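Asks: Mind looking at a prediction? Sequence and model below.
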Amino acid sequence: MGTPKALLPWKKSTLIKELVDKYLEFNQTVIVVSGSNHNALLSQNLQTSHIVENTNYKLGMGKSIAVGVNYVQSHFPKAEGVFIVTVDQPFIPLSHLQNMLAAFKSNTIVVSSSEKGYRGIPSLFSTAYFKELASLEDDRGAKPVCFKHKTNLQLVKTAHEDLDDMDTPEMYQKLKERLNLQ
């Protein structure tokens, strides 16, 4: 992208600020795992006191998940699970997260899916998987945990467009255009 996705302009602020504000409406604790943009995120006045720095961000998404899960384990020992969401999927509706929470049971991994075959994040993991998530160290994210425990996956569908992510400047522009049409 050439610039940190989290700091891209979105609505009236930045992508990270808008998404943190949105997810706080879900009535869950929001923990932001930062990487190279840690100091810039601290200056965003996010409505959360949980900004955790992943100093090994170059290892990839798996390491960020591990940092976040370790933080949850040490600061929220009564947590029953953890949502994994990314900053580059701005159209995830809160209703989808509520549907995921409704499908959640101990020993489950709730995974987003779509009619076009998408399976992935956002995902919701019970504490049964915290040890494995806390040891991730590469760029595959939580996929290895999902593959290992595929019999415990619970798929929750949402519209494919809800799951669009911005991996390129072109996709960012496309999603900004869609935002302006709403």
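Replies: Nice, thanks for sending it over. For clarity, every value in this text was computed on a predicted model and none was experimentally measured. Numbering: from 1, shown residues only.

Asks: Can you get me a residue count around T168?
Replies: Under the neighbour criterion other C-beta atoms under 10 Å, T168 is assigned a count of 10. From N, CA and C alone the C-beta is placed, and that goes for glycine too.

Asks: okay, the closest residue to it other than its chain neighbours: pLDDT?
Replies: Excluding the flanking residues, the one nearest T168 by C-beta to C-beta, 6 or more residues apart in numbering is M1, at 7.2 Å. With respect to pLDDT, M1 scores 72.

Asks: cool, and the one 10 residues further on?
Replies: The predicted local confidence for K11 comes out at a pLDDT of 92.

Asks: What about it, how many residues nearby?
Replies: When counting by other C-beta under 10 Å, one arrives at 15 neighbours for K11.

Asks: buried sites along stretch 6-22?
Replies: By neighbour count on 16 or more other C-beta atoms under 10 Å, the buried set for stretch 6-22 is A6, L7, L8, W10, T14, L15, I16, K17, E18, L19, V20, K22.

Asks: Quick one: low-confidence residue ranges for this protein.
Replies: Regions of the chain meeting the criterion pLDDT under 70 cover residues 181-182.

Asks: helix or strand right after the helix of greatest length in it?
Replies: Longest helix of the chain, by residue count under DSSP state H: helix 61-75. Proceeding N to C from helix 61-75, the next assigned helix or strand is strand 81-84, under DSSP states H and E.

Asks: In terms of secondary structure, what does that next one contact?
Replies: Packed against strand 81-84 by the contact rule (3 or more C-beta pairs under 8 Å, 6 or more residues apart in numbering; DSSP states H and E) you find helix 61-75, strand 119-126.

Asks: picking up where we left off before, closest to M171 out of the buried residues of stretch 6-22?
Replies: Of all the buried residues of stretch 6-22, L8 has the smallest distance to M171: 11.3 Å, by C-beta to C-beta.

Asks: wait, doesn't that closest one sit right on L175?
Replies: No: using C-beta atoms under 8 Å, L8 makes no contact with L175, being 9.9 Å away.

Asks: who touches both of those two?
Replies: By C-beta atoms under 8 Å, 6 or more residues apart in numbering, L8 and L175 have these common neighbours: M166.
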